[in-house]
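Trainee: 3D, please:
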Amino acid sequence: MMSLPVEQLQSRAKSLVAKFEQGDGTSYLDEAIVLDREALELCQSGHGMRPASLDWLAIDLWRRYRQLGVMSDLTESIVLAREALDLCLPGHINRTMSLNNLGICLCARYQQLGTFDHSTFITPTYKCPQEPHFVTCNRRVLGLSSKPCTCACD
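Mentor: Model (predicted):
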């Protein structure tokens, strides 16, 4: 079987995620994750689409975690989102998306475990100057907290 280009794999995966979000079942999300993995495999180190491919796989794993509660999906999503962010230095077009996706995954972990270990999940490369604010801000954005934000992120 001939391999599809990265863009086609990602496009098909997004279509499957849309079906999943319409309530058509987790099998569509599982299929999307398979396509996300295939796309990522084609995006080896240095490939321009690697950060986005990492992000899409991370968020789809997070979606499945939210649906099924499998902690390994969430753990993998955090690892992938962190790798995507590491590839997006300040000024990179995908940096904001990558930071947001990592925040979403970390918030889910915080919600599940009730703890947030900065030393494990946030490295100095992209640590928010107000570490607790990073979690509060993302929890607020996700509707998980009504605590007011005190930085310029609004």
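Trainee: Show me which positions of stretch 104-112 end up buried.
Mentor: With burial defined by 16 or more other CB atoms under 10 Å, the residues of stretch 104-112 counted as buried are 104-110. For the C-beta atoms, the positions are set from N, CA and C on the backbone; glycine is no exception.
Trainee: ok, now stretch 29-48?
Mentor: When burial is assessed from 16+ other CB under 10 Å, stretch 29-48 yields the following buried residues: 29, 31-33, 35-36, 38-40, 43.
Trainee: Mind checking which of those residues land in helices?
Mentor: Residues from the buried residues of stretch 29-48 lying in helices, with DSSP state H as the criterion: 29, 31-33, 35-36, 38-40.
Trainee: so which pair among the buried residues of stretch 29-48 is furthest apart in space?
Mentor: Within the buried residues of stretch 29-48, two members stand farthest from each other by CB to CB: Leu29 and Cys43, at 20.7 Å.
Trainee: Report the residue spans of this structure with pLDDT below the cut-off.
Mentor: Applying pLDDT under 70 to the chain flags residues 1-3, 115-154.
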